[in-house]
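[1] just need the structure, nothing else, for what follows:
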Amino acid sequence: MTAAGNPALNTAARPTRGGRRLSLSWLGVMPFFVYVGLFLLLPTAIVVIGSLTAPTGGVSLTNFVGIDKPYMVKAFTLSLSVSAVSAVAGAFFGAVLAYAVVTGNPRGLLRRSIMSASGVLAQFGGVALAFAFIATFSTVGFVTVFLKDHGIDIYANGVWLYDPPGITLIYVYFQIPLMVLVFLPALDGIRPQWREATESLGGSTWHYWRYVAGPLLAPAFLGCTLLLFANAFSAYATIAALLTNGGVYVPLQIQALLTSETEQSQPGLAQALAVAMILIVVIVMTLYTLLQRRTTRWLR
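    Next up, the predicted model:
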């Protein structure tokens, strides 16, 4: 039957008297859009415009020339390496912990406790985290003193807490709980029937992880690893509190340019560094979104 011969369709197709009413459902998300516009889009636009503004005025790429200086290249190298190592380590140990949680009672006390602790520890950073590691693992920290009293000197080859290995260890501290939070939904999507089917066909545990669970979880694992990388690469408060005298890391270089006399002679260099960081994070998060989209295909 055509639409012309169906009165119900004709009635639904015609607008009501006085025209269609404007839906007001979008008003509920207006506070979110205002928040994003004021605290995300507007600062980003200011940074981008500042990076493209020459010291004498006008549009120019002069500010980006300073990025190729040796100490700037070293800052990007250290930031990228620390972020990558902490992301891989946090993803591995976090995935193992998340798998241990999934294998337990889904409504048990252990799962609720770990999820609650992960939600808190994933946001634990800044001065509090820096002080915690100084009090624990510094040259006079209680763990260092305890081990030294028992013949183990963890600083026998020099102080490493304020070097890249120490920064990586501190980042792994909040990377692991974040991995638990973001990777657990993918593990929950694995059906027990898939393992039973593998075993009924004569497959072993290796075959199950190699040909079933592994390929299904790989996009989610890689996507979560990229998320952890972006989280570490953009971290600032912890290393700023730990390295009070400054350090060769991109966020600290931006801080130095904004609080020292160097910024007066190169007013847009800090904005140029920030834009470079934004581009790296955008690329990483785009890859993360693509991988997560692939993961959701079999989670539905």
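
[2] so what secondary structure elements neighbour the strand or helix carrying residue 132?
    If you go by DSSP states H and E, residue 132 is part of helix 126-137. Judged by 3 or more CB pairs under 8 Å, 6 or more residues apart in numbering; DSSP states H and E, the packing partners of helix 126-137 are helix 142-149, helix 164-188, helix 237-242. Bear in mind the C-beta positions are built from the backbone N, C-alpha and C, glycine included.

[3] so what's residue 176 up against?
    90, 93, 94, 97, 121 (CB atoms under 8 Å, 6 or more residues apart in numbering).

[4] one more time with 6 Å, if that's ok
    90, 93, 94 (CB atoms under 6 Å, 6 or more residues apart in numbering).

[5] swap in residue 233?
    residue 83.

[6] re earlier: buried ones among the contacts of residue 176?
    Buried residues within these, counting neighbours by 16 or more other CB atoms under 10 Å: 90, 94.

[7] and which of the contacts of residue 176 is nearest to residue 245?
    Closest approach to residue 245 among the contacts of residue 176 (CB to CB): residue 90, at 27.0 Å.

[8] where does the closest one fall, helix, sheet strand or coil?
    Recorded secondary structure, residue 90: helix (DSSP: H, G, I helix; E, B strand; the rest coil).

[9] name the nearest residue to it, ignoring sequence neighbours.
    residue 175 (2.6 Å; CB to CB, 6 or more residues apart in numbering).

[10] contacts for stretch 118-133, please.
    Contacts of stretch 118-133 (CB under 6 Å, 6+ apart): 170, 174, 177, 178, 180, 181, 237, 238, 241, 242.

[11] most neighbours of all the residues you listed, which one?
    Among the contacts of stretch 118-133, residue 180 has the most neighbours (other CB atoms under 10 Å), with 28 neighbours.

[12] I'd like the distance between that residue and residue 238.
    Between residue 180 and residue 238 the distance, using CB to CB, to the nearest Å, works out to 19 Å.

[13] ok so, going back, the contacts of residue 176 into TSV, with extra columns for distance to residue 259?
    Compiled in TSV, the contacts of residue 176 are given as follows (distance: CB to CB, whole Å):
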residue	distance to residue 259
90	30
93	36
94	35
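
[14] nearest to residue 104 among the contacts of residue 176?
    residue 94 (16.1 Å).

[15] the residue nearest the centre of the chain in helix, strand or coil?
    Centroid check for the chain by CA atoms, centre = their mean gives residue 231 as the closest residue, at 2.9 Å. With three-state DSSP as the basis, residue 231 sits in helix.

[16] and the gap between it and residue 129?
    In terms of CB to CB, residue 231 sits 14 Å off from residue 129.

[17] one step back: would you mind measuring from the closest residue to the residue nearest to the centre of the chain other than its chain neighbours to residue 184?
    Nearest residue to residue 231, sequence neighbours excluded (CB to CB, 6+ apart): residue 178, at 6.4 Å. From residue 178 across to residue 184, the span is 11 Å (CB to CB).

[18] before we move on, what about residue 199?
    24 Å.
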